[in-house]
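**Student:** Sharing a model that was predicted from the sequence below.
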Amino acid sequence: MEKLKNTLKIISFDVDGTLVNLEYNDLIWFKEIPELVAKKKKINFEKSLKYVYEEYAKLGEHNLNWYDINYWITYFRLKVSPKKILEKYESQVKIFPEVIPLLEELKKNFILIVITAMPREFLVPKMKKLEKYFKFSFSALSDFKELKNSEIYSKISKTLNVCPEQILHIGDHWEFDYLAAQKAGMNAIYLDRSNTKKGNFVVNNLTEIKRVIRDKYNN
């Protein structure tokens, strides 16, 4: 374990799709917002969902506003506070079953952090049961006004005063998590819960991380 501790200091996790499932986000973006739009426009839910989905798609996930609930409330001219929406579905946050046992084990030897693309207000309800395991949390949008990219990962390494090589980042987005973290010089694991990619640094659930850490750092 000494060698492992000396080489790898920090393990970083994405949040959505990695630590918690996407149900909370989906309820907000594909249920609550379309319901409010349907009420405002006096149309049925199916029509509203189609319209809302098309508006999201026009913007796309590379646009910062895509992640911003305040932007969409203004865009659709809804009379509701973001806080009210976020709190409404807090009880629906679901942590993947392997997460807490894994964090209990990893925290003995590593500093644990989270790096998410989502604004911090989305992070708060998701981390209520998990925050005790993490020393730092970073929101690319709230803290850096950018999406997750290699520059963000480099800035986080500098903030933490460690070499990128001493950080292992795990996430479920091929571009924003795996490729961007690698480009910054970090170690990276791609979490592919759909089991479509293969490779030494692809895992299908988080329990496999222990094997990857053991294989890479304990040879």
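**Tutor:** Noted; the coordinates are in hand. These numbers come from a predicted model, not from an experiment.

**Student:** how close does the residue nearest to residue 52 when sequence neighbours are not counted sit to residue 24?
**Tutor:** Counting by C-beta to C-beta, 6 or more residues apart in numbering, residue 52 lies nearest to residue 34, which is 4.6 Å off, once chain neighbours are set aside. Quick note: C-beta positions are derived from backbone N, CA and C, even for glycine. Going from residue 34 to residue 24 by C-beta to C-beta, to the nearest Å gives 16 Å.

**Student:** Please apply the same query to residue 88.
**Tutor:** Residue 88 is 10 Å from residue 24, by C-beta to C-beta.

**Student:** buried residues in the helix or strand hosting residue 126?
**Tutor:** Assigned by DSSP states H and E, residue 126 falls within helix 120-127. Of the residues in helix 120-127, those buried by neighbour count under the rule 16 or more other C-beta atoms under 10 Å are 121-123, 125-127.

**Student:** before we move on, what about stretch 171-190?
**Tutor:** 171-173, 176-178, 180-182, 184-190.

**Student:** what's the closest of those to residue 136?
**Tutor:** Taking C-beta to C-beta as the measure, residue 136 lies nearest residue 186 of the buried residues of stretch 171-190, at 14.7 Å.

**Student:** Scan this protein for its longest helix.
**Tutor:** helix 45-59 (DSSP state H).

**Student:** Give the rounded mean pLDDT of it.
**Tutor:** Helix 45-59 comes out with an average pLDDT of 97.

**Student:** Over to stretch 154-166?
**Tutor:** The model assigns stretch 154-166 a mean pLDDT of 96.

**Student:** As CSV, could you dump the C-alpha coordinates of that stretch?
**Tutor:** Output of stretch 154-166 as CSV, limited to C-alpha atoms (Å, rounded to 0.1, in the frame of the first residue of the first chain):
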residue,chain,number,x,y,z
SER,A,154,-5.2,21.4,-14.9
LYS,A,155,-6.5,24.3,-12.8
ILE,A,156,-7.9,21.8,-10.2
SER,A,157,-4.5,20.1,-10.0
LYS,A,158,-2.8,23.5,-9.3
THR,A,159,-5.5,24.4,-6.8
LEU,A,160,-4.8,21.2,-4.9
ASN,A,161,-1.1,21.6,-5.3
VAL,A,162,-0.4,18.2,-6.7
CYS,A,163,0.9,16.9,-10.1
PRO,A,164,-1.9,15.8,-12.4
GLU,A,165,-0.3,12.3,-12.4
GLN,A,166,-1.2,12.0,-8.7
